[in-house]
Every structure is written in structure tokens, then in C-alpha cells.
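> My questions are about this predicted structure, shown below with the sequence.
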2 protein chains.
Amino acid sequence: MRLSLRGEYALRAMLALGQRYGSEVVRIRDVAAEQRIPKRFLEQILNDLKDARVVESRRGVQGGYRLARAPELISLAEVIRHIDGPLAPVSCVSERFYEPCSCPDESRCGLRSIMREVRDAISKQLEGVTVADLCARSASLQVGKEGPSMDFAI
Amino acid sequence: MRLSLRGEYALRAMLALGQRYGSEVVRIRDVAAEQRIPKRFLEQILNDLKDARVVESRRGVQGGYRLARAPELISLAEVIRHIDGPLAPVSCVSERFYEPCSCPDESRCGLRSIMREVRDAISKQLEGVTVADLCARSASLQVGKEGPSMDFAI
DNA sequence: GTAATCTTGATTCAATCAGTGGTCAATCTA
DNA sequence: TAGATTGACCACTGATTGAATCAAGATTAC
């Protein structure tokens, strides 16, 4: 049930780009430094996200990356699907990456029916959260850094 | 977000053993044939489940495996954790397999806070479902095989 | 004792993951 | 406008993990 490191880095990069949405492009090296991601590895990941039309790039001096759409229009589910593949725990219940499994009768498989519910739960969470939400959540956590009103966190 | 094949086989084996709970031990080869799992691979998996005290075995002629407890007392979450490790998508939100991640400040990480919700959703699903539930679900799906009352499934 | 079954460890094979070295395009500078 | 510099781009490698197999050994029933 794991998200790959690659997928985690992708999401952290989206956060970094989301926080700077509206300004100019951001260099890979800056994202890498801020999020403590290996720079060369991040290059690949952002490149993949470009193929997915989630980010866009500019080359050369003053080049860099930025979101291709408003942060409200990018769900975490979309990012993960492009980087890591299906959200579903087993691919016989995946909607976009369906593949048959080896069980005797898929249509009457009790496990499959349960796994479909797990997929729905995961999907509901990740489909409903956008990069904008991620940025907002991050910002609200940062507030506690200076402000004293973090009773809720104790 | 995937369950490994190993984990899937483990759950299918639990289903097979659950359906025969109460009777004598079941041979690996029978479970393998019924569930279409490579026999040699299944040997490994059942052996791991024995270490987890989820199944118990008997050697020699007329040997085999059976559940070590009533099916109502074995959750799918327990099986998966023993075979595949953490349910959590990233290990910095795992309760039993916690490991720090590389992000700048874990306690104020927006992504982490979202991933914790995903873990809770997954955990809620899998913790709440037992091997008994799995068998019951499977049985109710099998009913439709002969009976005509499967309107709900259309 | 012999056949059937689990037990254990090593081993193969392939796929995926994480990371790296060099190439190409845009901008800046002289 | 030539050349240097910067930063994205592409192809590849090395290591790890996952799935599966092989080959003995141990235990029990008959």
C-alpha cells in the first residue's frame, strides 16, 4: 500500500510550485533545495509531470518549471496516477489501469469486492484534494511557527 | 498504492482456509489449485503467516494448514501488515512502522497531514474487515451462481 | 520403511527504483 | 553576432526488490 519515493517527491514538488504559482518559473535546483530532494532525480520527475500536462517548463537561462494550470485544478490523485500508476491496491479493481487477475472467477471474487471499497476510500481522499488544498494546509501549519494559537495541535 | 502479489495471494489463501474452518487441515496444493496460486510461492507465504500466528500447520502425510484462530478474530489489516508491511502510503505516517522522511519539517508538513488521512481511510477499511467477513461476502456472491435473485448486482 | 507433506535456504529472472553523465536550447555578454 | 553560461532534457546504469523456482531436509501416517 505504499506510495513510491518518486511519487512523494512529485507531490512535494507540486507543493513548492503551487506556493509560487503566479510568479515566474522556478528552477529545479531551488525546489530541490527547499524540499531536500536529489536534484537529478527531481529533473526526471518534473519531466514526467510535463508529459502529463501538469507542469510546463522553460529552458535556458532564467528557465525553470511552473504549474500548467491553477492549483485548484490539479488533484493529488492525478499526479500520483501519472507518476506511480493506479491508486487501486490491486489492478483488477482499477478503473483506468484495469488488468485481469488470476483468481478463479473475478466477477464473484469476495476479495475483489472488498478491494473495490478500499480503492473508493483512497480515491475519495486523493481525488478530493487539490494542490491548492495542499498549499493551504501547509500554510496553516506554518502559522503555528510564530503564532501562539496552536492549542489544537497539542 | 499497491498491494503486492504476495499480499493478494495471502488474502486469497486466508479465504480458502476460512471457508474450511472447523474441518481438518488443508493441503497447500489444494489451496494453490483452487485459488490458482503457484504452489512453491504459496508455501513461502503460508510459512510467513505461521510465524505471525495467523495459521498453524501439521507436517507429514495428511498434513496441511488451517487458521490458528476463528475467522472473526483475523482482520485483513493484520494479514497485510505481516506480509507487506505498513498500510500507510508513506512511512512517516505509519503507526507501527514509523520512519522519518526527508522533508524539511515533518511536524509542519502539509502533505504528511493529508497522507495521515489517507492512511486512516485505508486502515478503517481493512481493520474493520475480518476473514469471516471475506468468506461471507464470497458466499453471497456465489449464491448468484444458481439463484436468480441478483438484481442488486446489475 | 516408505510415501506424502510441510520446512528451509539458496537461487534465478525480471522489473522497478533511485540516481548519474553527457546533450541541447535559451539567454546574456562582449 | 559569436561565444559562454545556465538550466532543462535524454539515455543509461547499478542496485534493490519482487515473483517464482529448485533442491534438499524434517516429520508424520500407514
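Received the coordinates, thanks.
> use CA for all of it now, contacts and neighbours both
OK.
> got the residues of chain A near DNA strand C?
Within chain A, the positions lying close to DNA strand C (CA under 7 Å from any atom of the strand) are A:4-6, A:38, A:40-41, A:44, A:58-63, A:84.
> Buried members of those residues into ChimeraX, please.
Per 16 or more other CA atoms under 10 Å in any protein chain shown, the buried members of the residues of chain A next to DNA strand C correspond to this ChimeraX selection:
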select /A:4,6,84
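> which one of the residues of chain A next to DNA strand C is nearest B:A88?
B:A88 has its nearest neighbour among these in A:S4, at 11.5 Å by CA to CA.
> Which pLDDT value belongs to the closest residue in space to A:P100 that isn't next to it in sequence?
Leaving aside its sequence neighbours, A:P100 sits nearest to A:C92 (CA to CA, 6 or more residues apart in numbering or on different chains; 5.2 Å). Listed pLDDT for A:C92 reads 91.
> Next, give phi and psi for A:C92.
Recorded main-chain torsions at A:C92 are phi -80, psi 0, according to degrees, to the nearest 10.
> how near is it to A:C103?
Using CA to CA, to the nearest Å, we find A:C92 at a distance of 10 Å from A:C103.
> and what of A:R81?
Taking CA to CA, one finds A:R81 at 25 Å from A:C103.
> what separates the residue nearest to A:P100 from B:L5, distance-wise?
12 Å.
> returning to that earlier point: list the contacts of the residue nearest to A:P100.
In this structure, A:C92 makes contact with A:98-101, A:112, judged by CA atoms under 8 Å, 6 or more residues apart in numbering or on different chains.
> hmm, 10 Å instead?
A:C92 sits next to A:98-103, A:106, A:112, A:115-116 when contact means CA atoms under 10 Å, 6 or more residues apart in numbering or on different chains.
> what do you get for A:V131?
A:11-12, A:14-19, A:67, A:70-76, A:79, A:137, B:111.
> Which members of the residues you listed are classed as buried?
So, by 16+ other CA under 10 Å, the buried ones in the contacts of A:V131 are A:11-12, A:14-19, A:67, A:71, A:74-76, A:79, A:137, B:111.
> what's the closest of those residues to DNA strand C?
DNA strand C lies nearest to A:L11 out of these, by CA to the nearest atom of the strand, at 12.6 Å.
> just checking, what packs against the host helix or strand of the closest one?
According to DSSP states H and E, A:L11 maps onto helix A:5-19. Counting contacts by 3 or more CA pairs under 10 Å, 6 or more residues apart in numbering or on different chains; DSSP states H and E, helix A:5-19 is packed against helix A:28-35, helix A:39-51, strand A:64-67, helix A:76-84, helix A:131-143, helix B:110-128.
> Let me know the angle separating it from helix B:110-128.
Using axes from the mean of the first three to the mean of the last three CA atoms, to 10 degrees, the direction of helix A:5-19 lies 130 degrees away from that of helix B:110-128.
> Helix A:5-19 to helix A:131-143, inter-axis angle?
Computed by the same axes, to 10 degrees, the angle between helix A:5-19 and helix A:131-143 is 80 degrees.
> for chain A, what are the low-confidence residue spans?
A:144-154 (pLDDT under 70).
> What residues does it have near DNA strand D?
Counting by CA under 7 Å from any atom of the strand, chain A sits next to DNA strand D at A:26-29, A:40, A:43-44, A:46-47, A:50, A:57-65.
> can we see that at 10 Å?
With the criterion set to CA under 10 Å from any atom of the strand, chain A comes near DNA strand D through A:2, A:25-32, A:39-51, A:55-66, A:102.
> circling back: present the helices and strands packed on helix A:5-19 as a markdown table; the columns should include distance to B:V143.
Converted to a markdown table, these look like this (distance: least, CA to CA, whole Å):
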| stretch | distance to B:V143 |
| --- | --- |
| helix A:28-35 | 53 |
| helix A:39-51 | 46 |
| strand A:64-67 | 51 |
| helix A:76-84 | 36 |
| helix A:131-143 | 45 |
| helix B:110-128 | 24 |
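> Most tightly packed of those?
strand A:64-67 (a mean of 22; mean count of other CA atoms under 10 Å in any protein chain shown).
> between the helices and strands packed on helix A:5-19, which one is nearest to A:I122?
helix B:110-128 (6.2 Å).
> Under a three-state scheme, what state does the residue at the greatest distance from the centre of chain A occupy?
Largest separation from the mean C-alpha position in chain A: A:P104, at 34.7 Å (CA atoms, centre = their mean). Applying DSSP: H, G, I helix; E, B strand; the rest coil to A:P104 yields a three-state assignment of coil.
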